[in-house]
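1. Fold the following for me, if possible:
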Amino acid sequence: MSLIRRRKAAEADKASSSESKIHTERDEEDDKKKEGTGKSNKAEQKKNKWSCVNNCCWFVGCVCSIWWFLLFLYNAMPASFPQYVTEAITGPWPDPPGLKLKKEGLTANHPVVFVPGIVTGGLELWEGHQCAEGLFRKRLWGGTFGEVYRRPSCWAEHMSLDNETGLDPPGIRVRPVSGLVAADYFAPGYFVWAVLISNLAQIGYEEKNMYMAAYDWRLSFQNTEVRDQSLSRIKSNIELMVATSGGRKAVVIPHSMGVLYFLHFMKWVEAPAPMGGGGGPGWCSKHIKAVMNIGGPFLGVPKAVAGLFSAEAKDIAVARAIAPGFLDNDLFRVQTLQHVMKMTRTWDSTMSMIPKGGETIWGGLDWSPEEGYLPSKRKQRTSDTQLTSHEENKTLISQTNIVNYGRIISFGKEVAEASSSKIERIDFRGAFKGSNVANTSCRDLWTEYHDMGVGGITAVAEYKVYTADSIVDLLHFVAPKMMARGSAHFSYGIADNLDDPKYEHYKYWSNPLETKLPNAPDMEIFSMYGVGIPTERSYIYKLSPSSECYIPFQIDTSADGHDEDGCLKDGVYTVDGDETVPVLSAGFMCAKAWRGKTRFNPSGIRSYIREYDHCPPANLLEGRGTQSGAHVDIMGNFALIEDIIRVAAGAKGEDLGGDQVYSDIFKWSEKIKLPL
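-> Numbers count the residues shown, from 1 in each chain. Below you'll find the predicted structure:
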């Protein structure tokens, strides 16, 4: 019996050992499978790893590809097909101004000079680093913007200027495109000067009597002469055109920042060398018939403050309101606003548009020239309808919610609306900035905010309210390097005595409140701009969520007005204007400071205001509209083009009907107590 038991036990041991072998083999096979699947999963993860930058670049690329494809289809159509479809839906189009005036017998007369504004002129590469290989004389700005999504870091590096000098960085040369093509289109299908040029061509103009005064809009105005001799080129080209047209004076048409640039030119060209062009005190009188300024930010724009302070404006605020958290995402935000700020803070030209004139022009804590402005009231007035008693009551109620436009930046809605006596402020000037808040991971995004520390950021927020007087000090505090360059080229005050020799320096020449118009009594100055569009005037800010790589301040998009027709939306207070330049900045000089003989206009140059009430396109087929008052779209406004052609053909301001005003610019100008 014991033998039988032993045999059974041995058999059982054999069976168990064979089973264990089988289990071991299975486990090994399973481990191998797991290792194989793990490797494949890692490979798939590596393969599927995709950064936000790639997503953004591919998205931009897809949009551009679709845009190019649609343009190809559009260009492949018969020339008459788009117009045929549009006229079938909207009715016959009116004749363009050029054709209309040609039928009236107008022909080319005075030579015409175009002065483009900021960002609308093309820039091309002449020398670059290794990452820009193959881009010689290719456009980095304007055109298709292909390099933005192909090599964004390289593009931003080459579009930036030197932080110390405001000129080219070592090994990089980016230069303005020359000729009419420099600013006829900003991008394929998006016109700037093209419509005006084509209409002038209808009455006989061509390249010999039209000149695009292209310049590098990133540079300070005087540095365009130092580096590229741009001012000298404008002078010589005007002299040539006047000489070859039988002595007929030129009609100059600046747009946007080009208005300030040409204001600088008029002082430079008559000033003695080497600082000036040496043309003598009668140069403008001899060579210029009229200056027809389009959308001119004569006194600056609050939008420039928001751009320099936090790389924002209404557009970014609206985007954040539509998609909360999207722009605030760590990775995405680092790739956008920080890089935008790093690049644009090297562009000295942006500082030319900081508001000028301080509280005298823009208002203080408790007053502003536009006080009492109501968007709904303006709409009713321009449509020539009568207010009902209910609407009048609503207007009176709305007037109790006075907007303090003089407070250009307020930290919090309650501060923007509070009485000045109840606002407790701690002066930020001279505050200790504290230790550096940035670490090595932020070095490629370095801005001057990283040198402020927590103490400096807190000091800015605790001052609470900033008017036009304190805005310049604020920018000096948060961006001292940038403003050190800017202060050498621009000034933002009001001259007490324009005969003071200090105002012979070029830093004052683009500020109309610190310089005189030339001695040219036969010359005319026009201020032509759109009205009827909500335009940025002041902002409500808040501190950004704490992060070492963030811009520490942002517009508070949660701040909205009490009613839908109010002036506050998404943290931005708006007034009447052309979407970029408020009426006050575009119109005040021609409405009051230059009207008649004043200390700013000693020879009594005649000034005219020509406003164009914005009328958006009725449908998509009208494109950007022929009655638009928007800052760039106004360049296709038929009424404005007709005014320009008539003056170029020989008409004067009186022949156009003098002033054409829809806004309250004369009323607002009277509230400004400026000695004339």
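2. quick one, longest strand in the chain?
-> strand 533-543 (DSSP state E).
3. then that strand to CSV, C-alphas only?
-> The C-alpha trace of strand 533-543 is given here as CSV (Å, rounded to 0.1, in the frame of the first residue of the first chain):
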residue,chain,number,x,y,z
ILE,A,533,-18.2,102.9,-35.0
PRO,A,534,-17.5,102.2,-31.3
THR,A,535,-13.9,103.0,-30.7
GLU,A,536,-11.7,102.2,-27.8
ARG,A,537,-11.3,105.0,-25.3
SER,A,538,-10.5,103.6,-21.8
TYR,A,539,-10.1,100.2,-20.2
ILE,A,540,-10.8,98.2,-17.0
TYR,A,541,-7.9,96.0,-16.0
LYS,A,542,-7.3,93.3,-13.5
LEU,A,543,-4.2,91.3,-12.3
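4. Tell me which residues of it come out buried.
-> Ile533, Pro534, Thr535, Glu536, Arg537, Ser538, Tyr539, Ile540, Tyr541, Lys542 (16 or more other C-beta atoms under 10 Å). No exception for glycine: its C-beta is placed from N, CA and C like everyone else's.
5. pretty sure Gly296 contacts Leu260?
-> Yes - if you go by C-beta atoms under 8 Å, Gly296 and Leu260 touch, sitting 7.5 Å apart.
6. looking at the chain, which helix or strand is least sure?
-> The helix or strand of the chain with the lowest confidence, counting by mean pLDDT, DSSP states H and E, is helix 389-399 at a mean of 42.
7. The following helix or strand past that one pairs with which strands?
-> Using DSSP states H and E, the helix or strand that follows helix 389-399 in sequence is strand 409-411. Here strand 409-411 is paired, per DSSP bridges, with strand 465-466 (antiparallel), strand 533-543 (parallel).
8. so the nearest residue to Pro96 once chain neighbours are set aside, which of the three states?
-> Excluding the flanking residues, the one nearest Pro96 by C-beta to C-beta, 6 or more residues apart in numbering is Asn199, at 5.7 Å. For Asn199, the assignment made with DSSP: H, G, I helix; E, B strand; the rest coil gives helix.
9. Make sure Asn199 is actually in contact with Asp95.
-> No - counting by C-beta under 8 Å, Asn199 stays clear of Asp95, with 10.4 Å between them.
10. which of the two has more neighbours?
-> Neighbours were tallied for Asn199 and for Asp95 using other C-beta atoms under 10 Å; the higher tally belongs to Asn199 (23 against 13).
11. if you go through the stretch 251-400 of the chain in chain order, where are the strands?
-> Secondary structure of the stretch 251-400 of the chain (DSSP state E, counting those that start in this stretch): strands located at 288-294.
12. Extract the residue ranges of the stretch 551-676 of the chain that are flagged as low pLDDT.
-> In the predicted model of the stretch 551-676 of the chain, residues 563-565, 620-621 satisfy pLDDT under 70.
13. so where do the helices sit in it?
-> Counting by DSSP state H, counting those that start in this stretch, the stretch 551-676 of the chain has helices at residues 583-588, 638-648, 665-670.
14. Compare these and give me the one nearest Gly146.
-> Between Gly146 and these, the shortest gap by C-beta to C-beta is with helix 638-648, which sits at 31.3 Å.
15. Could you list every helix and strand that that closest one packs against?
-> Using 3 or more C-beta pairs under 8 Å, 6 or more residues apart in numbering; DSSP states H and E as the contact test, the elements touching helix 638-648 are helix 97-103, helix 194-202, strand 250-254, strand 288-294, strand 524-531, strand 606-613.
16. can we see that at 6 Å?
-> helix 97-103 (3 or more C-beta pairs under 6 Å, 6 or more residues apart in numbering; DSSP states H and E).
17. circling back to that earlier point, touching, the residue nearest to Pro96 and Asp643? I think so.
-> No - Asn199 is beyond contact range of Asp643, at 11.5 Å (criterion: C-beta atoms under 6 Å).
18. where in the stretch 101-250 of the chain is pLDDT low?
-> Along the stretch 101-250 of the chain, no part satisfies pLDDT under 70.
19. One more pass at 80, please.
-> 144, 146-149 (pLDDT under 80).
20. For it, which segments count as strands?
-> Using DSSP E, counting those that start in this stretch, strands in the stretch 101-250 of the chain cover 112-115, 123-127, 139-141, 173-176, 185-187, 190-191, 210-212, 250-254.
21. partners of the last one in the sheet?
-> Same thing as strand 250-254. For strand 250-254, the paired strands and their directions (DSSP bridges) read strand 112-115 (parallel), strand 288-294 (parallel).
22. Just name the most buried of the ones you listed.
-> strand 288-294 (a mean of 26; mean count of other C-beta atoms under 10 Å).
23. any idea of the mean pLDDT for that strand?
-> Average pLDDT, strand 288-294: 98.
24. Now do the nearest residue to Gly296 once chain neighbours are set aside against Trp268, distance only.
-> Excluding the flanking residues, the one nearest Gly296 by C-beta to C-beta, 6+ apart is Val259, at 3.3 Å. Distance check for Val259 against Trp268: by C-beta to C-beta, to the nearest Å, it reads 15 Å.
25. who has more neighbours, the two?
-> For Val259 versus Trp268, neighbours defined as other C-beta under 10 Å are more numerous around Val259 (27 against 24).
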